[in-house]
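*Asks:* Let me see the structure of the following:
(chains A and B)
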Amino acid sequence: MTYRLLFHTAITEIRLTLRNPGFWLFLLFTAVLTSAVCLSTLASSPLVLIIEITNNVLFFQFPLLAIVISPAVTRHRSLSREWVWATRLDYPVLLIGQFIGLTVVFFIASLLPLLMMSFWIMLKDITWVINLPALWAFGLIFILPVTFLEMCVAFSFACWFRNTVLVIGLVTALDVLLWLGIFMPDASLLTPLNHTLLTLHLDSVAGLGAEKPILASLLLFYVFLGAGGVMASIGGSSQVPSYGESQPTHKSFVMLGMFVGCAGIFLTFWLYTLSVKQSIVPPPPLSSQIDVWGVESAFHNGSISGAEISLQSEFILRNVSDVSQNILILSLNTGQNLIEATVNEYSVSFKRAGETIEILLPSPAAPNGVINVKISYAGSPILLREDYSLQTGIQNDSPPSFQNPVQTYLDGNVAYLHRDGDWMAWPLSSKPHLSPDEVIILEVPKHFPIAISGEIIEQTDTYIKYQWKEKLPQILLATAPYQTVEQSGNMVFLGRYSDKKSLDNAQTILALAETLDKKINPSFSQRYTAVALPYVQEVVMSNSIIGLPNKDSYFPDDNSRIYDFAKSVTYAWLIDRISWPGEITSNGYLRGSETICDMPDETGHQKCETISPGKHNLQAPYGRLVNKTSHNPLLNAISAVLAWQLAEEITGSDALTQREYEKWAVLAECDISAFSSPDKYQTAGWIMSFHDALDKSEMVKLIQVLMEKYPIGSPPITEDEFLQIARNYENAIEPPLPCETFIRK
Amino acid sequence: MNEKILNTLSRHFWWLRQNYYIYRRQTLLLIVLGALFEVMIVQRDDPADMRYMLAVYGEVLLPQIAGWVVTGILVGDSSRELLFATSRPVWKTVIERLELVISTAMLSFGSLLLFTSIIKDKESFPNDGLKLFLGSVVACLLFTSIGIFSSVLLRNRAAGGVVITALWASALLFKENLLASDIGHIIYPFLTLNAPDNPFWIINRLTLIALSLLLIWGTIRLTQHEEPLLPHGESEEA
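*Replies:* Reported below is the predicted structural model:
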């Protein structure tokens, strides 16, 4: 009887809502808004588009939902009051029925933005039609739970306050405060428009991937919070006797709903806080041993099973510092746990310290002393949000500064292992993780296409065992449900959610790499495998494998796009072939920090103050040890000049090069008003030196010499050594003058 | 002559008072919201932060809620047959109620500014209080005029509310797009919040006032056609 009553009430509410002009205007404006978002979103990736649409629709619809929903409840106080009283209708059942009806209507209405998005995608021919179901699934995963929570809030307010104007006023106030960021970041959990959804990163290879635990718990929390809140409001408001409705007879029904809601709230809240904790960068170790240990030999043996990797590693390490060492610090992903460790055959104690493991040595290692370390460890590597998401803060003005390159990713379907990734234990080092005698043996499940640089040593129906020896390339393996495409002899592995632009970008990167090869070594010819890497944000060149980044930048024209990729390709190419000095540092500014500088005085001195609000950066609140190789001015300058040459060859135009040259020329004069970092001034100085002193062929010869003298694994090149080599070709070349006047405190 | 003016004003205030009795809950909501914001604002010390909060309340939140309240002054009145049955023109009642809502909104924001300036020291209170107030007046006038016009035109309160909310949310969401052009600066309703030093500020406010007056005039014209505004069978469904 109760279920029949619920069914009929729900059907009646659906009919009434469909007759409400406000509902049809709601649909009209949602359609207009979605079109406007599609038209105004510069990024063309459907994965970015869906996040933009979701966030905008969820904000936009909240007051509109309140406008349509609240009269449905408040009318029981006026228009239908006598009717409810006369029929002795069970008030909670009536409200639950109404809520079900409204939920059905608005859930169906939630399909409209996705429908509009699909039309837009097909009209602009952005992606393949086969990807649309996946995009719909992503859209529904985000929209439905948050819409449900918004409906629940409006419905609950209407139950308690029974005044439409008050409900709409409160909902609007809540919505505007959330949108304008006034509640941020304190209320970031309880708001649908929080950091998690605003900055969600959908990956073309891994999909929800690293976001899955945080997102699933958050959305489930919303659902339970909404359901529990509605049941509590229905139960509570029907106890108010002054309104004259009939008294409830199905109290247990409402109580059960409240109980399930409350239990769900606590469980999902706990899961969410757990995921949030795991995604925060842990504090760095108190003492760090950067470049203290030289790895003389390394042997790793392990296997991958689902999202878990287990490894046994054996190292011979030499203390290359001037002091004795009592402990050994190894970098290891926070998701992996050390099971046992021995040093010189003695079992030793160990503890985790942030992103490292501290092993207590049985006896101090003297300078130049050698130790033999054996460890076994296992776990599921965690990808920290700092490394891939939140490119900007809520005000779009605060890029992350404690970001390390993504070099490890593992889930049930996707695996990406880089030679220098923290999936494999290694002493803290600013250099590539290479040793004169190194072997890795890894057992990998056999189910998806794989781009791999190792050789097969064993194979069964379920797994393949690979081996890497000696000079290891950067990309060891990348496997995922890839779409494979052949492009003029090269293989392209695209992510399963890739769009047509990803293929264009892969083709451009391959063309640039081939042109660069021919330019530096005309007799050398190589076939490439280009593989889309999960969450990686820059091109990775690794011998014959090119790692494609997950980047969705907006370019005004095709030449700008080619130029941007040329910079990435030349940089990655130089990193892969020449040994550059690296720097591991914990210096940096927290996200959300502001630097305020006074005007320079007569001597050019300028006082700057940096304020770090701290709590705005929940990703890396304690800072972090990061590798700053990308700040090397000499490397950046060579890369930029080489990219100009490459882009000119491919596009046949020097317009962009001229514009870039003028930009750097301003910086090279140490113009403080141009506001940049000292590294940038130095880079600009080197660029001007190259541009003025070296022609194209001299630049190529110089790079050939660097490749020969400073191969990967050898001691890195210094600026003085570079100058000596460069002066063999052009005596006039001068190093950039340091900008003495620029002082940054 | 003076007596005639006094009589007219006295009659006008009598009508305002009568309407206030009908809308005292709604007007109270605007005052309570102002008080809640005052609590949030007094906790801020940075003048820029405080100005932001004041502008958010005065130019963004208050006009939207006032606009929604206004949507009900004719089509939300369950006794509007009586209004149409009397010899007094309906537009007069509409204008009086509109005036009441706008005055209450202004009272709410004016009190907020006044109390904040008294409580906080001179350094932390923004130096463009008058601009904030005028910006809020114009935004309230605009959104209330849109609210009354759309609700009377569509003959449905919820529909009027949806129109206001859609325009309001669009102005927030597409801020960058609208402010990218000169014409956008002229019609953008939240200019005091987003670009207070813009040279188009005065032109913007004058344009919005003109637009609001046009919509109010349109509403007066619509109320002269009484038949479609009567609540035929509405009570069975709404």
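*Asks:* Find the nearest non-adjacent residue to the residue in the stretch 101-250 of chain A that chain B sits nearest to, please.
*Replies:* Using Cβ to the nearest Cβ, residue A:169 is the residue of the stretch 101-250 of chain A that sits closest to chain B, at 4.7 Å. Just so you know, the C-beta spots here come from the backbone N, C-alpha and C atoms, and that holds for glycine as well. Nearest non-adjacent residue to residue A:169, counting by Cβ to Cβ, 6 or more residues apart in numbering or on different chains: residue B:65, 4.7 Å away.
*Asks:* my read: that neighbour touches residue A:168, true?
*Replies:* Yes. Using Cβ atoms under 8 Å, residue B:65 is in contact with residue A:168, at 7.3 Å.
*Asks:* would you put the C-alpha positions of stretch A:725-738 in CSV?
*Replies:* Taking C-alpha atoms only, stretch A:725-738 is exported to CSV below (Å, rounded to 0.1, in the frame of the first residue of the first chain):
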residue,chain,number,x,y,z
ILE,A,725,84.0,23.9,-26.1
ALA,A,726,81.9,26.6,-27.7
ARG,A,727,84.9,28.9,-28.1
ASN,A,728,86.5,26.3,-30.4
TYR,A,729,83.8,27.3,-32.9
GLU,A,730,83.3,31.0,-32.1
ASN,A,731,85.8,33.0,-30.0
ALA,A,732,83.4,35.8,-29.5
ILE,A,733,80.9,33.9,-27.5
GLU,A,734,80.5,35.3,-24.0
PRO,A,735,78.6,34.0,-21.0
PRO,A,736,75.7,36.1,-19.8
LEU,A,737,76.4,38.7,-17.2
PRO,A,738,74.7,38.0,-13.9
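*Asks:* what sits up against that stretch?
*Replies:* A:633, A:668, A:670, A:678, A:681-682, A:684-686, A:688-690, A:692-694, A:698, A:701-702, A:705-706, A:709, A:719, A:723 (Cβ atoms under 8 Å, 6 or more residues apart in numbering or on different chains).
*Asks:* Among those residues, which are located in helices?
*Replies:* A:633, A:668, A:678, A:681-682, A:684-686, A:688-690, A:692-693, A:698, A:701-702, A:705-706, A:709, A:719, A:723 (DSSP state H).
*Asks:* quick revisit: surely the residue of the stretch 101-250 of chain A closest to chain B meets residue B:66?
*Replies:* No. Proximity of residue A:169 to residue B:66 does not meet the contact threshold set by Cβ under 8 Å, at 9.7 Å.
*Asks:* got the residues of chain B near chain A?
*Replies:* B:25-26, B:29, B:33, B:36, B:40, B:52-53, B:56, B:60-61, B:64-65, B:68-69, B:72, B:78, B:154, B:156-159, B:161-163, B:165-166, B:169-170, B:172-174, B:177, B:235, B:237-238 (Cβ under 8 Å from any Cβ of the partner chain).
*Asks:* Residue B:161 is in contact with residue A:21, correct?
*Replies:* No. Residue A:21 lies out of contact with residue B:161 (Cβ under 8 Å); the separation is 10.8 Å.
*Asks:* ok, these two, which is more surrounded?
*Replies:* Ranked by neighbour count (other Cβ atoms under 10 Å in any protein chain shown), residue A:21 and residue B:161 place residue B:161 first, with 34 against 15.
*Asks:* Contact partners for that one?
*Replies:* A:22, A:67, A:168, B:68, B:71, B:147, B:151.
*Asks:* So what does residue A:356 look like in phi/psi?
*Replies:* phi -130, psi 170 (degrees, to the nearest 10).
*Asks:* With residue A:409 as the reference, measure out to it.
*Replies:* 20 Å (Cβ to Cβ, to the nearest Å).
*Asks:* SS state for residue A:309?
*Replies:* strand (DSSP: H, G, I helix; E, B strand; the rest coil).
*Asks:* likewise the one 5 residues further on?
*Replies:* When the structure is reduced to helix, strand and coil (three-state DSSP), residue A:314 reads as strand.
*Asks:* how close does the residue nearest to the spatial centre of chain A get to chain B?
*Replies:* Note on chain A: the residue nearest the mean C-alpha position is residue A:388, at 2.4 Å, using Cα atoms, centre = their mean. Distance of residue A:388 to chain B, computed by Cβ to the nearest Cβ, to the nearest Å: 25 Å.
*Asks:* same deal with residue A:712?
*Replies:* Relative to chain B, and taking Cβ to the nearest Cβ, residue A:712 is found at 45 Å.
*Asks:* Which helix or strand contains that residue?
*Replies:* Using DSSP states H and E, residue A:712 maps to neither a helix nor a strand.
*Asks:* dump the residue contacts of it.
*Replies:* A:432, A:434, A:471, A:576-579.
*Asks:* And the buried ones among these, selectable in PyMOL?
*Replies:* Applying 16 or more other Cβ atoms under 10 Å in any protein chain shown to the contacts of residue A:712 leaves a buried subset, and the PyMOL line that selects it is:
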select buried, chain A and resi 432+434+576+577+578+579
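*Asks:* which among the contacts of residue A:712 gets closest to chain B?
*Replies:* Using Cβ to the nearest Cβ, the contacts of residue A:712 come closest to chain B at residue A:576, 39.2 Å.
*Asks:* Just confirm residue A:296 is within a strand.
*Replies:* Yes. The assignment for residue A:296 by three-state DSSP puts it in a strand.
*Asks:* Would you state the strands of the stretch 251-400 of chain A in chain order?
*Replies:* A:293-305, A:308-319, A:325-331, A:336-343, A:346-347, A:350-353, A:356-365, A:370-379 (DSSP state E, counting those that start in this stretch).
*Asks:* Which neighbouring elements make contact with the second one?
*Replies:* Counting contacts by 3 or more Cβ pairs under 8 Å, 6 or more residues apart in numbering or on different chains; DSSP states H and E, strand A:308-319 is packed against strand A:293-305, strand A:370-379.
*Asks:* tell me which residues in the strand or helix carrying residue A:116 are buried?
*Replies:* Using DSSP H and E, residue A:116 maps to helix A:111-124. By neighbour count with 16+ other Cβ under 10 Å, helix A:111-124 contains the buried residues A:112-114, A:116-118, A:120-121.
*Asks:* Redo those residues as CSV? Include distance to chain B.
*Replies:* Converted to CSV, the buried residues of helix A:111-124 look like this (distance: Cβ to the nearest Cβ, whole Å):
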residue, distance to chain B
A:112, 14
A:113, 13
A:114, 18
A:116, 15
A:117, 16
A:118, 21
A:120, 17
A:121, 21
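*Asks:* Let's have the residues you listed in TSV, adding pLDDT.
*Replies:* As requested, these are exported to TSV (pLDDT from 0 to 100):
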residue	pLDDT
A:112	94
A:113	92
A:114	92
A:116	91
A:117	90
A:118	90
A:120	88
A:121	87
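*Asks:* For the residue of chain A found nearest chain B, which non-adjacent residue is closest in space?
*Replies:* Residue nearest to chain B within chain A: residue A:22 (2.9 Å; Cβ to the nearest Cβ). Leaving aside its chain neighbours, residue A:22 sits nearest to residue B:158 (2.9 Å; criterion: Cβ to Cβ, 6+ apart).
*Asks:* isn't that neighbour right up against residue A:17?
*Replies:* No. Residue B:158 is beyond contact range of residue A:17, at 10.4 Å (criterion: Cβ under 8 Å).
*Asks:* Just give me the residues shared between the contact sets of these two.
*Replies:* Counting by Cβ under 8 Å, 6+ apart, the residues touching both residue B:158 and residue A:17 are A:23, A:68.
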